[in-house]
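Asks: Curious how this folds, go ahead:
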Amino acid sequence: MRIGIDARITYYARGGIRNYTLQLLEALARLDGETEYWVLHSRKARTSFLPGPNFRRVSCWTPSHHRLERWALGAEIARLRLDLLHTTDFIPPAFGYRRSVITVHDLTFLHYPQFITAQSYAYYNRQIAWAVRRADHILADSFATREDLVTLLGVAPEKITVVPLAADRAFRPLPEEEVAPVVARYRLQPGYLLTVGTLEPRKNLPGLLRAYRLLLDEEVTDAPLVVIGGRGWLYQDIFACVQELRLTGQVHFLHAVPDTDLPALYNAAMLLTTPSFYEGFGLPALEAMACGTPVVVSDRSSLPEVVGEAGLLVNPEDVEGIAGALARVLTDEMLRRRMRELGLAQAARFSWESTARLTLGVYRTVLAVA
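Replies: Model prediction:
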């Protein structure tokens, strides 16, 4: 088999899809040493992600999310004569391969068009219906995304396979001597509240900030709120909310945090909260549980299936409810211990090896009917 994997997004963006693509490549290399994998990179990328001797780099001129991407990328890869192309960011080229698999991570832009820019909405809305028709098979990160594909876009259920993500093995409980130097580097003390994710409207950071203000006013805690994530889009309201609520000294924004620092920062947190309006998977919640950190997440989309019985669920539109759940975790040591045990067990149910096995099985099934 000659399989192409589109990894161009790894040059253009940090975050979930980039991590998914890199972790999948590593896990496939551990499982499959025979298939020829052609990994599509941006021509500007200086680093090559080639985890095994059967992986080859293809440098592409076509950038991710270009308006002519369907045709330009197809023209670039036609010479490779790929048996299958896996598009990890869901929009495949119109030609240049025999069969295609795409991964759809979420359909936020259909549920909440107000949460993205008008330009992005026009682009995604124009592409998604075509993409799911064009693909021979679709991978969905969660059953929630699978249901969205069926109900919102009319995709046949048998065309979709749910392939959950996983936390990297680096996310685990760490000894204090490994955690302390990292936390000190960011001028923090252990015991802070933590949220992780790109600064964008669907993350519901204004709602979290208002809940945090209630905790301070009611003297539940004086620990800071740490926000790890780069600036995405339409994020200005977040900083305006910090000013409005007089939280400048209490909220710490950490941008461009190296992946190697994240396990220690999770370990030092009292809890992680993800009160998002929508998540295709919610990887930070899984990473936090793998570190033994309790999680408070919204009761929407994929998050309930990711955290299972280990996390507390909240309505993201209920500020007082978010504050109440956070207060429970902050003030109840027995609850924190129980959530730590349940979280470690829940996180252990997910692995990148399982993700790669399921993905490889889909590749082979799609090619078998070619």
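
Asks: Against residue 289, how distant is the spatially closest residue to residue 16 that is not a sequence neighbour?
Replies: Once flanking residues are discounted, residue 16 sits nearest to residue 283: 5.7 Å by C-beta to C-beta, 6 or more residues apart in numbering. (Each C-beta comes from the backbone N, C-alpha and C, glycine too.) Distance of residue 283 to residue 289, computed by C-beta to C-beta, to the nearest Å: 11 Å.

Asks: any common contacting residues for those two?
Replies: residue 167 (C-beta atoms under 8 Å, 6 or more residues apart in numbering).

Asks: Residue 60: neighbour count?
Replies: 21 (other C-beta atoms under 10 Å).

Asks: distance between the ends of stretch 325-338?
Replies: 15 Å (C-alpha to C-alpha, to the nearest Å).

Asks: how distant is that stretch from the center of its chain?
Replies: Centre-to-centre, stretch 325-338 and its host chain are 26 Å apart (C-alpha atoms, centre = their mean, to the nearest Å).

Asks: Buried residues, it. List them.
Replies: By neighbour count on 16 or more other C-beta atoms under 10 Å, the buried set for stretch 325-338 is 325-330, 336.

Asks: before we move on, what about stretch 44-52?
Replies: 45, 49-51.

Asks: contact partners of that stretch?
Replies: 7-8, 10-11, 21-22, 25-26, 28-29, 33, 37, 39, 41, 55-57, 59.

Asks: In helices, which of those residues appear?
Replies: 10-11, 21-22, 25-26, 28-29 (DSSP state H).

Asks: could the residues you listed go into a markdown table alongside neighbour count and distance to residue 235?
Replies: Shown next, in a markdown table, are the ones in helices among the contacts of stretch 44-52 (neighbours: other C-beta atoms under 10 Å; distance: C-beta to C-beta, whole Å):
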| residue | neighbour count | distance to residue 235 |
| --- | --- | --- |
| 10 | 25 | 22 |
| 11 | 18 | 22 |
| 21 | 22 | 24 |
| 22 | 17 | 25 |
| 25 | 21 | 30 |
| 26 | 15 | 31 |
| 28 | 27 | 34 |
| 29 | 17 | 36 |
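
Asks: With distance to residue 310 added, can I get those in a markdown table?
Replies: Below are those laid out as a markdown table (distance: C-beta to C-beta, whole Å):
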| residue | distance to residue 310 |
| --- | --- |
| 10 | 30 |
| 11 | 35 |
| 21 | 27 |
| 22 | 26 |
| 25 | 29 |
| 26 | 26 |
| 28 | 29 |
| 29 | 31 |
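
Asks: can I get these in a markdown table with pLDDT?
Replies: Putting the ones in helices among the contacts of stretch 44-52 into a markdown table (pLDDT from 0 to 100) gives the following:
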| residue | pLDDT |
| --- | --- |
| 10 | 92 |
| 11 | 90 |
| 21 | 95 |
| 22 | 95 |
| 25 | 98 |
| 26 | 97 |
| 28 | 98 |
| 29 | 97 |
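
Asks: so which of these comes closest to residue 163?
Replies: residue 28 (12.3 Å; C-beta to C-beta).
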